[in-house]
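Asks: Below: sequence and its predicted model.
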Amino acid sequence: MHTRITRTLIALAGSAALLLTAAPSQAAGMSDEPVPITTPATPIVVTGNGYGHGHGMSQWGAKGAAEAPVPLRYQQILGFYYPGTSLTALSTGLTVLITGDTDNNLTVFPERGLRVRDLGNGRTYKLRTRHHAPRVWRLVRLHGHTKVFYKTSRWHLYKTGGRRSLAGDGEFRSAVGTVTLKLPTGPRTYRGSLRYTNRDTVNVLDLEQYLRGVIAAEMPSSWPAAALQAQAVAARTYAARERADHLDRYYQICDTTACQVYGGVKSETAATDAAAAATAGQVLTVGGQYAFAQFSSSNGGWASAGSQPYLTNHDDPYDRSVSPYLHWKVSIDPAKLQAAYPQIGTLLTVQVVQREGATPPGTPEWGGWVQKVRLTGTNGVVGTTVDISGDDFRRLYGLRSAYFTLDLVP
């Protein structure tokens with residue numbers, strides 16, 4: 001997973017406006033001071049760095065590296081964030097779940113040369129009517145069969161090869177290479193074809209076509225070319241690994257931040273198309289396998305170790321030089337912790353007891369990313385402690401990252 005960059009820079013500046021003095025650094029396993037909770041209404045100040053999980057490439061860091069006094073090329077940016085990986089050529093297709101289409105059918109607008117392919121028998125049929133001008137065409141599952149309909153003032157069943165239903169699932173494609181999907185939020189155009197399967201809409205297209213709809217959805221297209229090119233390779237690699245991991249599933253990747261954001265043709269720009277073309281087919285590999293090319297908005301100046309050897313824990317001066325997510329500050333209500341973990345009884349203290357620590361050179365602020373938070377309370381006359389992960393704490397309060405420190409409101 002990863003975090004999409006927030007586009008509104010005014011909001012970014014406002015959220016990062018209050019800067020605090022850094023607390024002393026601490027090694028992994030050392031505890032911060034416990035924060036006492038005198039009443040459930042006692043507010044806690046969270047001061048943090050970064051936005052996202054902090055593994056792999058920082059998108060703001062890629063920008064900083066591309067704008068450094070000695071600018072890094074995209075290959076160098078990738079080498080900094082994914083050490084030990086190699087660039088390899090790849091050409092393949094991809095299937096993308098379109099999560100916004102939730103009405104259990106697939107409805108598209110007329111297009112020049114619109115056709116439907118029957119995946120049951122492999123045959124393709126031209127969609128044309130003699131006496132009607134269809135407003136939309138639809139694939140829908142009825143009584144165990146996929147049927148084709150078109151709409152004028154009402155819906156009409158369309159027979160394919162004299163059949164009232166398809167032999168299997170169906171797929172719309174056109175002569176112009178795009179298909180426009182009718183969504184609750186309005187029309188959206190996709191390259192390749194749109195497949196109706198398992199009552200879901202899936203975009204079937206070439207990986208390079210897919211990438212054009214990803215880069216600008218993940219990184220502002222106004223950013224330096226080297227940053228966009230690094231994003232292109234990371235996003236292509238992420239998709240290739242997802243495809244390899246889900247070859248037998250009817251879709252291999254989704255179109256949201258749960259995978260990586262994909263917006264179809266509307267997300268394409270000249271700058272990001274150029275980044276895709278400049279890196280065409282390039283993916284990161286390790287030992288013949290696609291790398292797990294995680295990326296997030298900002299690591300706050302210190303990358304967090306991920307699940308792979310090349311997702312290392314290290315200092316990141318490039319992120320620190322440009323990120324708007326340094327020393328963000330929010331006030332949280334400890335009563336939410338008490339409600340989420342009622343077994344502690346009355347909450348007495350909240351304490352960071354384990355941080356990720358540092359890999360030389362450099363020392364992370366506050367001792368690094370939070371790994372464990374201890375809640376201490378009293379349940380009747382018995383003292384109770386509950387340990388939760390830094391990520392659980394982050395999710396409970398919707399924090400930008402798990403790279404933070406805790407204190408009482410002054």
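Replies: That came in fine, so what should we check first? These numbers come from a predicted model, not from an experiment.

Asks: Tell me which helix or strand comes right after the helix or strand of the chain with the lowest mean pLDDT.
Replies: Scoring the helices and strands of the chain by mean pLDDT, DSSP states H and E places helix 9-15 at the bottom, with a mean of 30. Using DSSP states H and E, the helix or strand that follows helix 9-15 in sequence is strand 35-36.

Asks: now that next one, how far from the centre of its chain.
Replies: 35 Å (Cα atoms, centre = their mean, to the nearest Å).

Asks: Name every strand pairing with that strand and say which way it goes.
Replies: strand 346-355 (antiparallel) (DSSP bridges).

Asks: buried sites along the following helix or strand past the strand it pairs with?
Replies: Note on strand 346-355: by DSSP H and E, the next helix or strand toward the C-terminus is strand 370-379. For strand 370-379, the buried set under the neighbour-count rule, 16 or more other Cβ atoms under 10 Å, comprises Val370, Gln371, Lys372, Val373, Arg374, Leu375, Thr376, Gly377. The way it works is simple: take the backbone N, C-alpha and C, and place the C-beta from them, glycine included.

Asks: Which residues outside strand 370-379 are in contact with it?
Replies: Residues outside strand 370-379 that contact it (Cβ atoms under 8 Å, 6 or more residues apart in numbering): 28, 31, 34, 337-338, 341, 343-356, 383-390, 392-393, 402-404.

Asks: got the angle between it and strand 346-355?
Replies: Between strand 370-379 and strand 346-355, the angle formed by their directions is 160 degrees, by axes from the mean of the first three to the mean of the last three Cα atoms, to 10 degrees.

Asks: and for whichever helix or strand comes after strand 370-379, what are the contacting residues?
Replies: Sequence order places strand 382-389 as the next helix or strand after strand 370-379, per DSSP H and E. Contacting residues not belonging to strand 382-389 are listed as 341, 343-345, 353, 371-378, 402 [Cβ under 8 Å, 6+ apart].

Asks: Narrow the contacts of strand 370-379 to those that are buried.
Replies: Neighbour-count burial (16+ other Cβ under 10 Å) applied to the contacts of strand 370-379 gives 28, 337-338, 341, 344-345, 347-348, 350-356, 384, 388, 390, 393, 402-404.

Asks: What distance do you get for Val204 to Gly50?
Replies: 36 Å (Cβ to Cβ, to the nearest Å).

Asks: again but with Ala216, I slipped
Replies: Relative to Gly50, and taking Cβ to Cβ, Ala216 is found at 22 Å.

Asks: What of Leu375?
Replies: Applying Cβ to Cβ to Leu375 and Gly50 gives a distance of 23 Å.

Asks: For the strand or helix carrying Thr95, list the C-alpha coordinates in PDB.
Replies: In the assignment (DSSP H and E), Thr95 maps to strand 93-97. Extracted C-alpha coordinates of strand 93-97, given in PDB (Å, rounded to 0.1, in the frame of the first residue of the first chain):
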ATOM      1  CA  GLY A  93      -0.900  -6.900 -20.100                       C
ATOM      2  CA  LEU A  94      -2.900  -6.100 -17.000                       C
ATOM      3  CA  THR A  95      -6.400  -6.400 -15.600                       C
ATOM      4  CA  VAL A  96      -7.600  -3.600 -13.300                       C
ATOM      5  CA  LEU A  97     -10.700  -3.700 -11.000                       C
END
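
Asks: ok, and what's touching it?
Replies: So strand 93-97 is contacted by 195, 200-207, 210, 239, 243, 250-255, 262 (Cβ under 8 Å, 6+ apart).

Asks: hmm, 6 Å instead?
Replies: Under the criterion Cβ atoms under 6 Å, 6 or more residues apart in numbering, residues 202-204, 206-207, 210, 243, 251-255, 262 lie in contact with strand 93-97.

Asks: out of the residues you listed, which are buried?
Replies: Val202, Asn203, Val204, Leu207, Tyr210, Arg243, Tyr251, Gln252, Ile253, Cys254, Asp255, Tyr262.

Asks: what about Gln231, which helix or strand?
Replies: Gln231 belongs to helix 225-245, assigned by DSSP H and E.

Asks: His156 too?
Replies: Per DSSP H and E: strand 155-158 holds His156.

Asks: Excluding covalently adjacent residues, which one is nearest to Arg212?
Replies: Nearest residue to Arg212, sequence neighbours excluded (Cβ to Cβ, 6 or more residues apart in numbering): Glu268, at 4.7 Å.

Asks: wait, isn't the one you found in contact with Leu211?
Replies: No. The criterion here is Cβ atoms under 6 Å, and Glu268 misses it with Leu211 at 9.8 Å.

Asks: Since that was my last question, I'll sign off now.
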